[in-house]
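Colleague: Need a 3D model of the following:
(one chain, ligands or ions: 2)
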Amino acid sequence: MKGAIIPCSPPVCHKQDWKKQLATAITDPGALLELLKINKEQMGKGNAQSLFSLKVPYAYITRMKQGDPNDPLFLQVWPHDAEFVTSPDFIADPLEEKSSNPIPGLLHKYKSRVLTITTASCAINCRYCFRRHFDYQNQSYNDTAWNSWADYIKQHPEIDEVILSGGEPLLLPDDKLARLLQQLELLPQLKRLRIHSRLPLVIPDRITEEFTALAKSSRLQWVLVWHINHPAEIDDAVQDAAKLCHDAGIVQFNQSVLLKKVNDSIEVMQKLSERLFTNRIQPYYLHLLDRVAGVQHFEVTENKALKLYNQMLVELPGYLVPKLVREEPAKSSKTPINISEAPI
Ligand SMILES: *Cc1c(COP(=O)(O)O)cnc(C)c1O
Ligand code: SF4
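Modeller: Ligands and ions are numbered 1, 2, ... in the order given. The predicted structure is shown next:
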């Protein structure tokens with residue numbers, strides 16, 4: 001890899017097996033810096049990987065700018081020394097998810113929808129992740145778990161939507177996804193299947209023909225929520241993937257996390273909303289950061305967030321402004337962050 005331009009190696013040049021692309025993800029901080037021609041003096045050695053490992057597939061790295069330690073994609077994956085800073089406000093489980101985890105792999109916090117933890121890992125490790133300390137070991141990911149989810153849902157007739165989340169739900173191969181879907185479709189109370197995933201963004205080749213065929217033939221309405229934080233994440237391959245999903249009748253939304261130095265400016269947020277919409281993805285949520293241990297350096301103050309939000313209201317049509325929200329323990333929905341009066 002020495003001195004190489006970012007490899008247009010097979011993983012990124014042609015539509016490729018997404019599992020192979022996953023298997024060749026970069027996990028060594030030194031190798032990542034070398035690929036990007038960023039020097040260690042500027043960025044440290046990436047020691048925070050001892051807290052949460054580094055993992056980033058090539059297909060995502062190719063969208064980063066070489067030689068730029070402030071690249072907004074790089075900042076989302078780099079194990080920065082600042083992660084060692086501790087504070088009583090940033091804790092392991094700020095959302096108290098444990099309290100809404102009635103059976104392994106299932107979170108029932110909001111009335112009409114359940115969130116399922118379908119896998120124990122991700123395609124990329126995002127440094128700001130609110131589940132970086134999640135107790136994945138005590139969840140369960142096999143057919144037995146699926147049966148117990150189905151039983152739970154039957155006992156709760158108010159549930160009409162299942163959310164596949166993670167970890168990373170699209171790490172499930174298509175045949176396994178098909179089996180899970182079959183099981184869910186047997187529950188007449190369910191209307192929608194929602195997938196929250198970062199994989200189609202990170203490895204767009206994940207949107208396979210088998211995947212879109214599943215959506216097309218399903219009796220449930222499919223919703224895909226992309227997790228895109230910055231317009232530079234959307235390259236041609238991502239656009240193609242979004243088009244495939246759109247053509248398969250999947251309704252597409254996006255949620256972003258507001259991150260210091262990554263997307264906390266009006267220029268970036270405006271461009272993001274517009275690029276999403278061009279690709280038929282509707283901006284949905286803009287989340288304030290969850291205060292999980294190790295992510296303090298990403299926090300944007302509520303005051304600054306509100307200012308930025310005001311600017312978005314001025315610059316964008318209403319339908320391109322996502323809802324500004326925060327996730328709080330023991331609430332029955334996301335908490336909207338309100339602006340007391342309309343911007344001047
Ligand atoms: C965010 C979230 C949902 C989905 O909420 P919506 O407002 O419907 O997008 C469901 N369950 C849990 C536990 C969540 O954190
Ligand atoms: S993909 Fe989502 S769950 Fe996985 S590390 Fe990133 S933010 Fe966390």
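Colleague: So Asp28 is in contact with Leu54, correct?
Modeller: Yes: counting by Cβ atoms under 8 Å, Asp28 touches Leu54, with 7.2 Å between them. Just so you know, the C-beta spots here come from the backbone N, C-alpha and C atoms, and that holds for glycine as well.
Colleague: Neighbour count for the two, which is higher?
Modeller: Leu54 (20 against 11; other Cβ atoms under 10 Å).
Colleague: Now do the contacts for the more buried one.
Modeller: Residues counted as contacts of Leu54 (Cβ atoms under 8 Å, 6 or more residues apart in numbering) are 26-29, 32, 46, 77-79, 125.
Colleague: And the residues you listed, which is closest to ligand 2?
Modeller: Minimum distance to ligand 2 across the contacts of Leu54 is 5.1 Å, recorded for Asn125 (Cβ to the nearest ligand atom).
Colleague: tell me the SS of the closest one?
Modeller: Three-state assignment for Asn125 (DSSP: H, G, I helix; E, B strand; the rest coil): coil.
Colleague: and the gap between the residue nearest to it when sequence neighbours are not counted and Glu168?
Modeller: Distances taken as Cβ to Cβ, 6 or more residues apart in numbering put Lys55 closest to Asn125, at 4.3 Å, once the chain neighbours are dropped. Going from Lys55 to Glu168 by Cβ to Cβ, to the nearest Å gives 11 Å.
Colleague: And those two? Which one has more around it.
Modeller: The residue with more neighbours, out of Lys55 and Glu168, is Glu168; 22 against 18, by other Cβ under 10 Å.
Colleague: Could you find the closest non-adjacent residue to the more buried one?
Modeller: Nearest residue to Glu168, sequence neighbours excluded (Cβ to Cβ, 6+ apart): Cys122, at 4.4 Å.
Colleague: Backbone dihedrals for the one you found, both of them.
Modeller: phi -130, psi 170 (degrees, to the nearest 10).
Colleague: how much space between it and Asn303?
Modeller: Counting by Cβ to Cβ - Cys122 and Asn303 are separated by 31 Å.
Colleague: more neighbours, the two?
Modeller: Legend: neighbour count by other Cβ under 10 Å for Cys122 and Asn303, higher for Cys122 (20 against 8).
Colleague: quick revisit: wait, isn't the residue nearest to Asn125 in contact with Cys126?
Modeller: No: applying Cβ under 8 Å, one finds Lys55 not in contact with Cys126, separated by 9.5 Å.
Colleague: Find the residues that touch each one of the two.
Modeller: Counting by Cβ under 8 Å, 6+ apart, the contacts common to Lys55 and Cys126 are Val77.
Colleague: Quick check, pLDDT for the residue lying closest to Thr86 once chain neighbours are set aside.
Modeller: What sits nearest to Thr86 in space, not counting adjacent residues and going by Cβ to Cβ, 6+ apart, is Ala293, at 6.7 Å. Looking at Ala293, its pLDDT stands at 93.
Colleague: Tally up the residues packed near Ala293, please.
Modeller: 20.
Colleague: Might you quantify the distance of stretch 231-243 from its chain's geometric centre?
Modeller: Remark: stretch 231-243 is offset 15 Å from the chain centroid, using Cα atoms, centre = their mean, to the nearest Å.
Colleague: Need the contact partners of that stretch.
Modeller: Stretch 231-243 has contacts (Cβ under 8 Å, 6+ apart) with 12, 59-60, 62-63, 72-73, 200-201, 204-207, 226, 228, 252, 268, 271-272, 275-276, 279-281.
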